[in-house]
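model this:
(chains A and B)
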Amino acid sequence: KQEVTQIPAALSVPEGENLVLNCSFTDSAIYNLQWFRQDPGKGLTSLLLIQSSQREQTSGRLNASLDKSSGRSTLYIAASQPGDSATYLCAVRLSGAGSYQLTFGKGTKLSVIP
Amino acid sequence: NAGVTQTPKFQVLKTGQSMTLQCAQDMNHNSMYWYRQDPGMGLRLIYYSASEGTTDKGEVPNGYNVSRLNKREFSLRLESAAPSQTSVYFCASRGAVGELNYGYTFGSGTRLTVV
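Sure, this is the predicted structure:
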């Protein structure tokens, strides 16, 4: 069974700092990996999706990397802002026929202090 | 804006009552999902529908039923609500490569309290 772990569970940084969020998964036979953002009391917003054949994806100040062989992904946030404060979730979709579901980590709660 | 719409946003039920959570997507996606999110547990899959006319159990299906009414709509029904079903419920759809919104798109959630 795929397990996804996100460390740390919570992170507090001063505004302007660059930061890295970590995600690890136990089964490297993945189809893709997706990073989401969740604001308090809200739904999930997709940030980046990395296919298993890709090494990284970038969107604005966000960069997600994938090392399938070691079962790790990182989300890099450059020049953090208070508006980046949210919970960040990593989710993995396995490869193979019938693998329709995402397996989620429990998230990293990020607080960016002005 | 294309996306996933869930109704209602909030609901309070008494134990034993029934209700249906509605979900609709306008991205022409084949696959749709129902997840629940609980503190400390993360998101867990309840049921999914790989295509119109098919449904399958996920990780935590007990106490729930689903209906894939058509390609757009996927509803979740609680026949006899229990306090353990107090949770936030999310509907999602999945776009395949080349489709609008490739990957998973989530609705804004239904916050359900069973008393």
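
hmm, stretch A:93-104 touching chain B?
Yes. Counting by Cβ under 8 Å from any Cβ of the partner chain, chain B is contacted by stretch A:93-104 at A:100, A:101, A:102, A:104. In short, each C-beta sits where N, CA and C put it, glycine included.

spatially nearest residue to the third one (excluding sequence neighbours)?
Distances taken as Cβ to Cβ, 6 or more residues apart in numbering or on different chains place residue A:91 nearest to residue A:102, at 4.2 Å, with adjacent residues excluded.

next one: the strand or helix carrying residue B:67 to chain centre, how far?
Using DSSP states H and E, residue B:67 sits within strand B:64-68. In terms of Cα atoms, centre = their mean, to the nearest Å, the centre of strand B:64-68 is found 9 Å from the chain centre.

any part of the next helix or strand after it near chain A?
The helix or strand immediately downstream of strand B:64-68 is strand B:74-78, counting by DSSP H and E. No. Using Cβ under 8 Å from any Cβ, strand B:74-78 stays clear of chain A, coming no nearer than 13.0 Å.

run the angle between strand B:74-78 and strand B:64-68 for me.
Angular relation of strand B:74-78 and strand B:64-68 on a 0 to 180 degree scale: 160 degrees, by axes from the mean of the first three to the mean of the last three Cα atoms, to 10 degrees.

what is the burial count for residue B:48?
Neighbourhood size, residue B:48 [other Cβ atoms under 10 Å in any protein chain shown]: 24.

was I right to think it contacts residue B:59?
No. Using Cβ atoms under 8 Å, residue B:48 and residue B:59 do not qualify as a contacting pair, with a distance of 10.3 Å.

direction included, what does the lowest-mean-pLDDT helix or strand in chain A pair up with?
Using mean pLDDT, DSSP states H and E, strand A:102-104 stands out as the lowest-scoring helix or strand of chain A, at a mean of 91. Strand pairing for strand A:102-104, determined by DSSP bridges: strand A:86-94 (antiparallel).

now the strand it pairs with - C-alpha only, PDB.
In PDB, the C-alpha atoms belonging to strand A:86-94 read as follows (Å, rounded to 0.1, in the frame of the first residue of the first chain):
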ATOM      1  CA  ALA A  86      -1.700  27.600   3.900                       C
ATOM      2  CA  THR A  87      -1.500  23.900   4.200                       C
ATOM      3  CA  TYR A  88       0.400  22.200   1.400                       C
ATOM      4  CA  LEU A  89      -0.500  18.700   0.400                       C
ATOM      5  CA  CYS A  90       1.400  16.200  -1.700                       C
ATOM      6  CA  ALA A  91      -0.600  13.500  -3.500                       C
ATOM      7  CA  VAL A  92       0.600  10.500  -5.500                       C
ATOM      8  CA  ARG A  93      -1.100   8.500  -8.200                       C
ATOM      9  CA  LEU A  94       0.200   5.000  -8.800                       C
END
